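In: The sequence and its predicted three-dimensional model are supplied below.
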Number of protein chains: 2
Amino acid sequence: MERVLSKEVEKYEGKDILLQGRIQNIRKLGGVSFIILEDRAGSIQTVSNKDTDAKPGDIVEIEGLVKKDERAKGGYEIKISEIKVIAPCDIELPYDLSKKELDLQLAKLLDKRVLTVRHPKIKAIFKLYDVLLKAYEIVMREEGFTEIKTPKLLGSLTEGGANFFKVKYFDKEAYLAQSPQFYKQIMVGAFERVFEIGPVFRAEPHFTTRHLNEYISLDAEMGFINSDEDVRKELNIILKKIFEIMKKDGKESLEYFGIKLDDVPENIPTIKLSDAKKIIKEKYGYEVSKDTDIDPEGEKSICQYAKEKYNSDFIFVTHYPWKDRPFYTMPADTKQDESLGFDLLYKKMEIVTGSQRIHTYDKLIENMELKKVDPKGMEYYLETFKSGMPPHGGWAIGSERLIQLILNLASVKEASLFPRDVKRLMP
Amino acid sequence: MERVLSKEVEKYEGKDILLQGRIQNIRKLGGVSFIILEDRAGSIQTVSNKDTDAKPGDIVEIEGLVKKDERAKGGYEIKISEIKVIAPCDIELPYDLSKKELDLQLAKLLDKRVLTVRHPKIKAIFKLYDVLLKAYEIVMREEGFTEIKTPKLLGSLTEGGANFFKVKYFDKEAYLAQSPQFYKQIMVGAFERVFEIGPVFRAEPHFTTRHLNEYISLDAEMGFINSDEDVRKELNIILKKIFEIMKKDGKESLEYFGIKLDDVPENIPTIKLSDAKKIIKEKYGYEVSKDTDIDPEGEKSICQYAKEKYNSDFIFVTHYPWKDRPFYTMPADTKQDESLGFDLLYKKMEIVTGSQRIHTYDKLIENMELKKVDPKGMEYYLETFKSGMPPHGGWAIGSERLIQLILNLASVKEASLFPRDVKRLMP
């Protein structure tokens, strides 16, 4: 018999079918067992009059008759004629598959990831993640971007040289890419608009709920802009479309977490960082330290401001200090005071970093000198700017952090299947 | 004035428009300059009666009148009123932008990648690559697969322990993933069918036209199979759909290379490796060495056989020796002689490796012992099999190699934007 998926049963009313999947729950009621079976398409109620050895977590095969039943979820129930355990679950699961919550501490949740990914709540997170990836793929192409894949093994240190992981590469030393920055800029020279979905590696010794040492960055770079505003406008369009897709295709996941996903505003409010700092101080009585551009507490306050004043979950903060941004960031003025670098904050923290980039060779060299960046190993990158580059800019979205914030997860690690932090390299 | 893209000009017939892009070619004919302008949407002929300083490679802005002209490619021509160089190309390009071929040795082509990616021929390769990524994304979801992203930094050596790159990870040692094998199997336990598009890293000291030390693998893993044949059948369906999309959306790239892309057969021919070796010897007079499963010369012969006998560019070769396959491969028999591992060959070489995997704990341990694989560091992976895993299998497609073979490129490195080999870590 050919396997039938749980969502297809209505086509087989009154017929015998074969189902396969994992048992999510068994309830016994007066000699009758109600068995919830999960497969990749969803779940279905099956019912047996005979006793069974099968238990939650087991992989089983069920033969049975499809009957209409208004009381069952989905409107159909399977009357089991035979149930066979294909692969038993021989260890005790650290959670109850039939419960909505796992009730596990973060460390345990991640230590037992191999098992916890099977719980409906965790599956809901990564189903939404799948939709985010799909949405980025679709929307970026609609907007004229070409997908590229660039190397993660680099021959030279770039972007200042801090927080890199070193790799032994045959008889040489290599470094893991912190971002596809140089490559995506180079590719603007060929395709104007490019995007990349790929891992980035950050050797930052952080222990926070918002950092990962390896994560998936949704990158983009676009040419022929007139200003940094053009970059933000395009990002606004793209995010709006992505959220529409997530709302639709991620419905079940969002409902699991009780999230009503708000639309992205037509025009996300925009504020200069210097003004933001003033507002944070005057309105919320918090002073961001002078040594930093903004801190988590400041981000929270400015997000609160965006919500109160513009009813927006999003706010662009622009004109970050030139000194705090990488050398390729376009300065906003001749005094090298502010830059055309911006962040996009969502709900309570930064989810996107972007900027207009320097596109002329002379200015790039000037900025590298001012920032004391050694051009050694960057000759290929610099050649790009000697050979005709349009004004351009781009962004990087932290994909796990976006999912974290959409679903209000306590830690970004919950939005990474197998997260990496200073102490965690397994599973 | 708002920018108009080259493919949109027909909407503006008789109107003045603004174009932006790179000059691909200038022909002067009796005081008139014909300037081919390239932008992300395509190219368009513009014409000027005045002399201009602009030259091929420059990034320019052109204002002009849209006129119908049957002689121009696309049917329209722009009569230039003003041309402005936004960013000049100040170095000599190592090729002629207006010629169909670049005429460069591979080393030069790659050393100057920053510039060569701008040539129409190289752009055609990576436009097709973009279509391949899009097609895999679309088709895998159509077939019920969930997209996953798994870590590239590993805490322990897996799959036997050879050819790994080592990473200094804070105070520990880490390794770069050779494949997402363990993780995709684990995820079958949650989603049944999963796929991943991501980099893999191979510390193989090869200097060949078919190997890269970092490449993008198109991975998949599927549960609830009845046999290894089910895996091949699904792969066959997927490849057929992907080729249909490539044929349509990759039309321009295929035409550039003069490729007529054949359909993937409904049923790709399948042959056991032992039979293949006999045929190679009897029909083509070549004997594959006893020490190897198959070699490049053998692959070529068996592909020739598939073409001659079945008129197929594809052939599945099955039942690879158990000793040549990783420990998680399902043995074909109790003597551990053959395995349920297979390759898919295309045109002249292997593009996919796949197999049915072992899905029970006891058999996995037995095979690890026979292969002398140390289970240390694999406890999390092994736990998966104690807790109920359906029969499953999967594959990995080398994306660059597939593009190489479709376009008949001499080296796989031509199909990687910034390839990595033993000596090449830059650009």
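Out: Structure's in. What do you need?

In: Please parse chain A into its domains.
Out: A:6-87, A:120-415 (automatic domain parsing).

In: any idea how far the last one is from the chain center?
Out: For domain A:120-415, the gap between its own C-alpha mean and the chain's C-alpha mean amounts to 12 Å (CA atoms, centre = their mean, to the nearest Å).

In: out of everything not next to it in sequence, what's closest to A:Gly155?
Out: Leaving aside its sequence neighbours, A:Gly155 sits nearest to B:Leu425 (CB to CB, 6 or more residues apart in numbering or on different chains; 3.1 Å). C-betas here are computed from N, CA, C, even on glycine.

In: Okay, that neighbour and A:Lys376: tell me how far apart.
Out: 14 Å (CB to CB, to the nearest Å).

In: Just want to know which of these two has more residues nearby.
Out: B:Leu425 (23 against 8; other CB atoms under 10 Å in any protein chain shown).

In: dump the residue contacts of that one.
Out: Contacts of B:Leu425 were listed using CB atoms under 8 Å, 6 or more residues apart in numbering or on different chains, and they are A:153-156, A:169, A:172, A:174.

In: and the least confident of these?
Out: Taking those together, the minimum pLDDT is found at A:Ser156 (88).

In: Flag every buried residue along stretch A:327-337.
Out: A:327-332 (16 or more other CB atoms under 10 Å in any protein chain shown).

In: Then stretch A:237-250?
Out: Buried residues in stretch A:237-250, counted by 16+ other CB under 10 Å: A:238-243, A:245-247, A:249-250.

In: so, if you compare these, which one comes nearest to chain B?
Out: Distances from chain B to the buried residues of stretch A:237-250, taken as CB to the nearest CB, are shortest for A:Asp249 (9.8 Å).

In: For the residue nearest to A:Tyr284 when sequence neighbours are not counted, grab the count of nearby residues.
Out: Sequence neighbours aside, A:Ser301 is the residue nearest to A:Tyr284 in space, at 4.2 Å (criterion: CB to CB, 6+ apart). By other CB under 10 Å, the residues close to A:Ser301 number 23.

In: Over to A:Ile91?
Out: 13.

In: now swap in A:Met426 and tell me
Out: 17.

In: That one - that's part of a strand, no?
Out: No: counting by DSSP: H, G, I helix; E, B strand; the rest coil, A:Met426 falls outside a strand, being coil.

In: Of the domains of chain A, which stretch is the most buried?
Out: domain A:120-415 (a mean of 19; mean count of other CB atoms under 10 Å in any protein chain shown).

In: First-to-last residue distance for it?
Out: End-to-end distance of domain A:120-415 (CA to CA, to the nearest Å): 14 Å.

In: residues touching the one residue in the stretch 51-200 of chain A that gets nearest to chain B, list them.
Out: Going by CB to the nearest CB, chain B is nearest to A:Gly155 of the stretch 51-200 of chain A, at 3.1 Å. With contacts defined as CB under 8 Å, 6+ apart, A:Gly155 is in contact with A:172, A:174-175, A:377, B:425-426.

In: With A:Phe243 instead?
Out: Taking CB under 8 Å, 6+ apart as the test, what A:Phe243 contacts is A:261, A:263-264.

In: now those as CSV including distance to chain B, pLDDT and secondary structure?
Out: Compiled in CSV, these are given as follows (distance: CB to the nearest CB, whole Å; pLDDT from 0 to 100; DSSP: H, G, I helix; E, B strand; the rest coil):
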residue, distance to chain B, pLDDT, secondary structure
A:Leu261, 20, 96, coil
A:Asp263, 24, 95, coil
A:Val264, 22, 97, coil
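
In: so which of those comes closest to A:Gly57?
Out: Nearest to A:Gly57 among those is A:Leu261, at 31.9 Å by CB to CB.

In: need the contact list for the closest one.
Out: A:243, A:246-247, A:250, A:254, A:406.

In: From B:Arg113, how far off is the nearest residue to A:Leu106 once chain neighbours are set aside?
Out: Distances taken as CB to CB, 6+ apart place A:Ser411 nearest to A:Leu106, at 5.8 Å, with adjacent residues excluded. A:Ser411 sits 39 Å away from B:Arg113, going by CB to CB.

In: Repeat that for A:Asn408.
Out: 44 Å.

In: now do A:Ser416
Out: Per CB to CB, A:Ser416 is found 32 Å from B:Arg113.

In: my read: A:Ile238 touches A:Val139, true?
Out: Yes: using CB atoms under 8 Å, A:Ile238 is in contact with A:Val139, at 5.3 Å.

In: returning to that earlier point: touching whichever helix or strand the residue nearest to A:Tyr284 is part of from outside, list them.
Out: Assignment of secondary structure by DSSP states H and E places A:Ser301 within helix A:296-310. With contacts defined as CB under 8 Å, 6+ apart, helix A:296-310 is touched by A:210, A:265, A:269, A:271, A:276-277, A:279-280, A:283-284, A:286, A:288, A:294, A:312-315, A:317, A:345-350.

In: ok, 10 Å please
Out: For helix A:296-310, the external contacting residues (CB atoms under 10 Å, 6 or more residues apart in numbering or on different chains) are A:208-210, A:265, A:267-271, A:273, A:275-277, A:279-281, A:283-289, A:292, A:294-295, A:312-317, A:343, A:345-350.

In: Tell me what angle the helix or strand following it forms with helix A:296-310.
Out: Remark: after helix A:296-310, the chain's next helix or strand is strand A:314-318, criterion DSSP H and E. Using axes from the mean of the first three to the mean of the last three CA atoms, to 10 degrees, the inter-axis angle of strand A:314-318 relative to helix A:296-310 is 120 degrees.

In: For strand A:314-318, name the packing helices and strands.
Out: Contact here means 3 or more CB pairs under 10 Å, 6 or more residues apart in numbering or on different chains; DSSP states H and E; on that basis strand A:314-318 packs against helix A:228-249, strand A:270-272, helix A:273-284, helix A:296-310, strand A:341-346, strand A:349-356.

In: can you redo the ones you listed as TSV with mean pLDDT?
Out: Shown next, in TSV, are the helices and strands packed on strand A:314-318 (pLDDT from 0 to 100):
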stretch	mean pLDDT
helix A:228-249	98
strand A:270-272	98
helix A:273-284	94
helix A:296-310	96
strand A:341-346	98
strand A:349-356	97
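
In: Stretch A:134-150 near chain B at all?
Out: Yes: contact of stretch A:134-150 with chain B is found when judged by CB under 10 Å from any CB of the partner chain, involving A:134, A:136-138, A:141, A:144-150.

In: tell me the average confidence for that stretch?
Out: 98.

In: First residue to last residue on that stretch, what's the distance there?
Out: Start-to-end, stretch A:134-150 (CA to CA) is 20 Å.

In: Which residue ranges of chain A form helices?
Out: Per DSSP state H, chain A carries helices over the ranges A:106-111, A:113-116, A:120-142, A:181-191, A:228-249, A:251-256, A:273-284, A:296-310, A:361-370, A:379-386, A:399-406.

In: The fifth one to helix A:120-142, inter-axis angle?
Out: Between helix A:228-249 and helix A:120-142, the angle formed by their directions is 130 degrees, by the same axes, to 10 degrees.

In: quick revisit: would JSON lines of the contacts of A:Gly155 with distance to A:Arg3 be doable?
Out: As requested, these are arranged in JSON lines below (distance: CB to CB, whole Å):
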{"residue": "A:Lys172", "distance to A:Arg3": "51"}
{"residue": "A:Ala174", "distance to A:Arg3": "46"}
{"residue": "A:Tyr175", "distance to A:Arg3": "47"}
{"residue": "A:Gly377", "distance to A:Arg3": "55"}
{"residue": "B:Leu425", "distance to A:Arg3": "48"}
{"residue": "B:Met426", "distance to A:Arg3": "50"}
